[in-house]
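Enquirer: With the input below, show me the fold.
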Amino acid sequence: MSKMKSSSKSIQINSKNILSRLNFFQDITQKIFEKKPLKKLLDEIIFASKQLLQAEASSLLLYNKEDKQLHFHTVTGDKGKTIKSQSIKLGVGIAGWAAKNKKPIIIGDCYKDSRFNKEFDLKSGFRTRNMICVPMVRKKELIGVIQTMNKKGKEAFTAEDLKLFEALAAQCAVAIDNARLIELEIRSAEIKYELNTAHNIQMKLIPQSIPSFDDLEISVKLVPAKEVGGDYFNVVRINKDETLFMIADVTGKSVPAALIVSTVYSFLQTYLILSGNNFNLSQFVVSLNKFLIASTGTDKFVTAWFGLYDHSKEIMHSINAGHNPIYLLRNNSSQLEKLTTGGLMLGSIDFPYSSEELSLSENDLIVFYTDGIPEAMNLRGEEFGEKFFEDILLLNRNLNVSDISDLIFSEIYKYRGKAEQSDDITLGIIRIK
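Expert: Numbers count the residues shown, from 1 in each chain. Take a look at the predicted model:
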């Protein structure tokens, strides 16, 4: 009994720690996703990181693809100004090593590490005792390096500090990528640039490939509209037993919608880093909702569905946050079950989301999608409709999932005719093998 109480207390403490760290990222992300010059954005981030890790100094270096060097962008600390004009080659010093290898590093005694370059200390008069250095990587491409030096007092940086700093570096990589795209929009008044910006943001956030599974057959396809909407999906293998499926649709279009998608993506990445293998679906959805309430406008909402699949038990935990009904077509049934349990759309009000547990078996199908399918319209303004969509699924359930998907898109294009696609269309199908 005492062991159970101890375990329960441990879980509660862990949950409190995760939520307290997420509160920090809420403040930081609000700053990250505001429209502002890149320099101001990075200054705010680096000063916050120094305060968070209780360090004497911190710096952010951006990677230049042309000269293949790291350049100091933001430096804090009393001696920072003397080194801001310097650049670093890949592989040289701690920052150069982290950039070249794309790996984070924590050092307890810099002067005992052969990779440490004493040149900057000699020029600035600053003495580096210990440090954390983390590369900022986006889609396997190096963005830069963020580092913090000298934990205040006599303490050294901890593994927990490194974990938190890695999460911050991931946020910075997203912020820099977005800011560079948004600066293109600011420099041009033409709508074309804005649409291209939104499209690029959206396409960079969706996964380039879907994980493969021995026990699942999966197809997910997103077709963006000309006026880019806010569709987003992801499939994340959390550990050997659990996989997260999610689909989201943001109200509005173009850059504002794409930036909210970016916020959802960024929060997911941070939560995955901080929670490790202990992913709690309900806690994640509740936290994401609070995060969006605090970081987005009152007129911006997100509908979403989240499915956490347990491969060993063949159980799907489902939460529907104001999204279209998710379809479950069981192998032994000719009826579509609609998964609606969950709660309100995200970003509206604080809400205690509920979940449902689904025991699945071989050849069961789960179909998740955005409203771009039932609301697809022809030139007469008539919608494709849920009934037509459901009929296609029922009649073609025995095809492989990719063929089912291709058929549905083909029917939508045929129905729409010469009418323009007015909204993003996303369709995902899961079959249990």
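Enquirer: Check the gap between the nearest residue to Thr251 once chain neighbours are set aside and Thr370 for me.
Expert: Excluding the flanking residues, the one nearest Thr251 by Cβ to Cβ, 6 or more residues apart in numbering is Phe301, at 4.9 Å. All C-beta atoms are positioned from the backbone trio N, CA, C, and that covers glycine. For Phe301, the distance to Thr370 equals 14 Å [Cβ to Cβ, to the nearest Å].
Enquirer: ok, those two, which is more surrounded?
Expert: Thr370 (27 against 23; other Cβ atoms under 10 Å).
Enquirer: Enumerate every residue touching the residue nearest to Thr251.
Expert: For Phe301, the contact set (Cβ atoms under 8 Å, 6 or more residues apart in numbering) comprises Val250, Thr251, Gly322, Met345, Leu346, Gly347, Ser348.
Enquirer: Where does the residue nearest the centre of the chain sit, in terms of helix or strand?
Expert: For the chain, the residue nearest the mean C-alpha position is Tyr265 (2.1 Å; Cα atoms, centre = their mean). In this structure, Tyr265 is located in helix 254-275 according to DSSP states H and E.
Enquirer: Now do that helix: distance to the chain's middle.
Expert: Centre-to-centre, helix 254-275 and its host chain are 4 Å apart (Cα atoms, centre = their mean, to the nearest Å).
Enquirer: ditto for stretch 39-48
Expert: On Cα atoms, centre = their mean, the centre of stretch 39-48 falls 21 Å from the chain's centre.
Enquirer: can you check stretch 235-250 too?
Expert: That offset, for stretch 235-250, works out to 11 Å (Cα atoms, centre = their mean).
Enquirer: Stretch 112-126 now?
Expert: Per Cα atoms, centre = their mean, the centroid offset for stretch 112-126 relative to its chain is 36 Å.
Enquirer: Now do it, average pLDDT.
Expert: What stretch 112-126 shows for mean pLDDT is 88.
Enquirer: before we move on, what about stretch 49-58?
Expert: The model assigns stretch 49-58 a mean pLDDT of 83.
Enquirer: Quick check: end-to-end length of that stretch?
Expert: 8 Å (Cα to Cα, to the nearest Å).
Enquirer: Next, the buried residues of it.
Expert: Ser49, Lys50, Leu52, Leu53, Ala55, Glu56, Ala57, Ser58 (16 or more other Cβ atoms under 10 Å).
Enquirer: can you pull the contacts of the nearest residue to the fifth one once chain neighbours are set aside?
Expert: Leaving aside its chain neighbours, Ala55 sits nearest to Thr148 (4.2 Å; criterion: Cβ to Cβ, 6+ apart). By Cβ under 8 Å, 6+ apart, Thr148 lies in contact with Ser49, Lys50, Leu53, Ala55, Ala57, Ser58, Ser59, Met131, Ile132, Phe157, Phe165.
Enquirer: Does Thr148 belong to a helix, a strand or coil?
Expert: strand (DSSP: H, G, I helix; E, B strand; the rest coil).
Enquirer: Quickly note the distance from it to Phe165.
Expert: 7 Å.
Enquirer: so what's in contact with these two at the same time?
Expert: Between them, Thr148 and Phe165 share the contacting residues Ser49, Leu53, Ile132, judged by Cβ under 8 Å, 6+ apart.
Enquirer: Can you verify my assumption that the second one contacts Asp161?
Expert: Spelled out, that is Leu53. Yes - if you go by Cβ atoms under 8 Å, Leu53 and Asp161 touch, sitting 5.4 Å apart.
Enquirer: Mind listing the shared neighbours of the two?
Expert: Residues touching both Leu53 and Asp161 by Cβ under 8 Å, 6+ apart: Ile132, Lys151.
Enquirer: just the helices in this protein please.
Expert: 2-32, 38-52, 93-101, 119-124, 159-187, 191-205, 254-275, 281-295, 386-395, 401-416 (DSSP state H).
Enquirer: Report all helices and strands that the fourth one contacts.
Expert: It refers to helix 119-124. Judged by 3 or more Cβ pairs under 8 Å, 6 or more residues apart in numbering; DSSP states H and E, helix 119-124 is in contact with no other helix or strand.
Enquirer: coming back round to it: and the residue nearest to Ala55, bridged to which residues?
Expert: Ser58, Ile132 (DSSP bridges).
Enquirer: can you redo the buried residues of stretch 49-58 as JSON lines with distance to Leu41?
Expert: Shown next, in JSON lines, are the buried residues of stretch 49-58 (distance: Cβ to Cβ, whole Å):
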{"residue": "Ser49", "distance to Leu41": "13"}
{"residue": "Lys50", "distance to Leu41": "16"}
{"residue": "Leu52", "distance to Leu41": "17"}
{"residue": "Leu53", "distance to Leu41": "19"}
{"residue": "Ala55", "distance to Leu41": "20"}
{"residue": "Glu56", "distance to Leu41": "23"}
{"residue": "Ala57", "distance to Leu41": "20"}
{"residue": "Ser58", "distance to Leu41": "15"}
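Enquirer: Now flag whichever of these is closest to Tyr232.
Expert: Nearest to Tyr232 out of the buried residues of stretch 49-58 is Ser49 (Cβ to Cβ; 27.1 Å).
Enquirer: thought the closest one was touching Ala169?
Expert: No - Ser49 is not in contact with Ala169 according to Cβ under 8 Å; the separation is 9.1 Å.
Enquirer: what is in contact with the two at once?
Expert: Joint contacts of Ser49 and Ala169 (Cβ under 8 Å, 6+ apart) are Ile146.
Enquirer: Lys300 and Asp249 touch, don't they?
Expert: No - the criterion here is Cβ under 8 Å, and Lys300 misses it with Asp249 at 11.9 Å.
Enquirer: between these two, which one's more packed in?
Expert: Legend: neighbour count by other Cβ under 10 Å for Lys300 and Asp249, higher for Asp249 (27 against 20).
Enquirer: residue contacts, Leu90?
Expert: Per Cβ under 8 Å, 6+ apart, neighbours of Leu90: Lys68, Gln69, Leu70, Gly96, Ala99, Lys100.
Enquirer: These, buried ones only, as a PyMOL selection?
Expert: Filtering the contacts of Leu90 down to the buried ones (16+ other Cβ under 10 Å) takes a single PyMOL command:
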select buried, resi 69+70+96+99
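Enquirer: Quick one: the contacts of Leu90 as CSV, columns for pLDDT and distance to Ser333 too.
Expert: Listed next are the contacts of Leu90 as CSV, based on pLDDT from 0 to 100; distance: Cβ to Cβ, whole Å:
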residue, pLDDT, distance to Ser333
Lys68, 91, 59
Gln69, 93, 62
Leu70, 93, 59
Gly96, 94, 60
Ala99, 95, 55
Lys100, 95, 56
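Enquirer: From the contacts of Leu90, pick the one nearest Arg330.
Expert: Using Cβ to Cβ, these come closest to Arg330 at Ala99, 51.2 Å.
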